[in-house]
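Novice: Sequence first, predicted coordinates after that:
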2 protein chains.
Amino acid sequence: MCELLGMNANVPTDIRFSFAALARRGGATGPHRDGWGIAFYEGRGARMFHDPQPSAQSEIARLLRDYPLKSEIVIAHVRRANRGRVGLENTHPFTREIWGRAITFAHNGQLKGVKKLPLGLYRPIGTTDSEHAFCWIADRLRARFDTLPTPSALDRALHELCNELAGRGVLNVLMSDGRTLYAFCTKKLFYIVREAPFGVATLIDEDLRMDFSKETGPHDRVAVIASNPLTRDEVWRELPLGKLSAFRNGAMV
Amino acid sequence: MCELLGMNANVPTDIRFSFAALARRGGATGPHRDGWGIAFYEGRGARMFHDPQPSAQSEIARLLRDYPLKSEIVIAHVRRANRGRVGLENTHPFTREIWGRAITFAHNGQLKGVKKLPLGLYRPIGTTDSEHAFCWIADRLRARFDTLPTPSALDRALHELCNELAGRGVLNVLMSDGRTLYAFCTKKLFYIVREAPFGVATLIDEDLRMDFSKETGPHDRVAVIASNPLTRDEVWRELPLGKLSAFRNGAMV
């Protein structure tokens, strides 16, 4: 299994507090030591960091814990390998350009027989089931829309495609086109939306406490999605199962 | 204009010495302050780092100067913007998946009317001429080969495509599919091949000296390509103009 972390905000927001918790789960407080990756959207561009080292010991993860990159959409993943060797090419999030957009995808779960699904334009670089599933989604999206669809049209298409895949096993997914953060969940994903009045939160995985009221403006709104709650003193809600949740401007739409 | 740096070696090799020089040219010893990027191949995967900050001041560049990532193929670029705003989406190297391979491309020069070239599958995320040219190359390669061609077939195809583009202006390019480092040059690219007996070299841009004999084995061979020589006490040769040079296992083939 693996763990996912997603963030969507209505202003560029620093993910370091949440990432600190996730990174600990990659080999310290959790067993997901087989590499990790993170994508930060900045406008139409996305920065990606991938590392086959455990995130709890990774120098690159340490830099990201210290360096305040601000982004409106972030997707991160710590991996515990089941299908596909430990290696850079098998670390999530995966990315492909579709319609002139960087589309990113991270997955937790196993999908029976997914590699038998035929692929067209998009092909896996690594050997995970997850990347194969992503390429299948990318092909189907590209076949359906020749240019970037409206957000709501993409919401509907992705909901259908995820449901088609979900029959094969566990499909907990975070995905983005840089406009929307998508979460699909068949087993377990939690989320929280932080907005004014902001409070204080303490990580579960590390003795780290944050007073959000000191870091935010009155109109800021930040949604965080994670495989397991990251803080001990906030209420994390479960995402509905078998449904695509879309987050824009820091809120579920 | 921009500056390019490429490395191809027959064993995973640390690029930090050469990258230290290039990074200084991004805002300290050179004017290429409009962002930078680097791709490190590791097997079929590639790590990418992109930053719209000047490389001479970038925290991420500082990490890479300290952290010994070893790779057989590296492509790096420092940017001085002429077409396309300063932003993450316009930093090189650009990457696309073709035939299940991560293909990377970095360019120095201007290409007249290149944005009028029609595109198909692959579309730019940013607004540079360079990314448009890369998408055009990617489309043509994908149309010609349905699966990964042999290295020599790809050599020939890329030579033709680069020559077709070169009529439009300056085309200094570094490109890779993870097997071969390609360099195409219409104006100026220098290269050096280091092999036993290894000597000592001193950077031009920084007071940094390296004794390669202490860092290498007797069978190591490393080719380095750069827009301008990086060291003051070695002989850098110019790449032939209008010709695609292919490097494999640390040597020009």
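Specialist: Yep, that arrived.
Novice: Please make it C-alpha for all contacts and neighbour counts, starting now.
Specialist: Fine.
Novice: May I have the secondary structure class of the residue nearest in space to the middle of chain A?
Specialist: In chain A, the residue lying closest to the centroid (Cα atoms, centre = their mean) is A:I75, at 3.3 Å. Under DSSP: H, G, I helix; E, B strand; the rest coil, the three-state class of A:I75 is strand.
Novice: Run a quick neighbour tally on the residue nearest to it when sequence neighbours are not counted.
Specialist: Once flanking residues are discounted, A:I75 sits nearest to A:G6: 4.5 Å by Cα to Cα, 6 or more residues apart in numbering or on different chains. By the criterion of other Cα atoms under 10 Å in any protein chain shown, A:G6 has 28 neighbours.
Novice: what's downstream of the one helix or strand A:G6 maps to, the next helix or strand?
Specialist: A:G6 belongs to strand A:3-14 when elements are defined using DSSP states H and E. Next helix or strand after strand A:3-14 toward the C-terminus (DSSP H and E): helix A:16-25.
Novice: average pLDDT for that next one?
Specialist: Helix A:16-25 carries an average pLDDT of 92.
Novice: name the helices or strands packed onto that helix?
Specialist: strand A:3-14, helix A:59-66, strand A:70-78 (3 or more Cα pairs under 8 Å, 6 or more residues apart in numbering or on different chains; DSSP states H and E).
Novice: Which of these has the highest mean neighbour count?
Specialist: Comparing those by mean neighbour count (mean count of other Cα atoms under 10 Å in any protein chain shown), strand A:70-78 ranks first with a mean of 28.
Novice: Remind me what it packs against, helices and strands.
Specialist: Checking 3+ Cα pairs under 8 Å, 6+ apart, strand A:70-78 ends up next to strand A:3-14, helix A:16-25, strand A:36-42, strand A:101-108, strand A:172-176.
Novice: What is the subsequent helix or strand relative to it?
Specialist: Next along from strand A:70-78, by DSSP H and E: strand A:94-98.
Novice: Next, the angle strand A:101-108 makes with that following strand.
Specialist: 150 degrees (axes from the mean of the first three to the mean of the last three Cα atoms, to 10 degrees).
Novice: Which residues outside strand A:94-98 are in contact with it?
Specialist: A:102-106, A:131, A:134, A:138, A:142, A:148, B:96-97, B:122-123, B:125 (Cα atoms under 8 Å, 6 or more residues apart in numbering or on different chains).
Novice: In ChimeraX, select just the buried ones from those residues.
Specialist: Burial among the contacts of strand A:94-98 is assessed by 16 or more other Cα atoms under 10 Å in any protein chain shown; the matching ChimeraX selection reads:
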select /A:102,103,104,105,106,131,134,138,142 /B:96,97,122,123,125
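Novice: closest to B:L241 among the contacts of strand A:94-98?
Specialist: Nearest to B:L241 among those, counting by Cα to Cα, is B:R96 at 26.2 Å.
Novice: Report the beta-bridge partners for that closest one.
Specialist: B:I103 (DSSP bridges).
Novice: same check, this time on A:L5
Specialist: A:A76, A:A226.
Novice: Residue of the stretch 51-200 of chain A nearest chain B, please.
Specialist: The stretch 51-200 of chain A approaches chain B most closely through A:E89 (4.0 Å), counting by Cα to the nearest Cα.
Novice: The closest residue to that residue other than its chain neighbours bridge partners, please.
Specialist: The shortest distance from A:E89 to any non-neighbouring residue, by Cα to Cα, 6+ apart, is to B:G45 (4.0 Å). Counting by DSSP bridges, B:G45 is bridged to B:E42.
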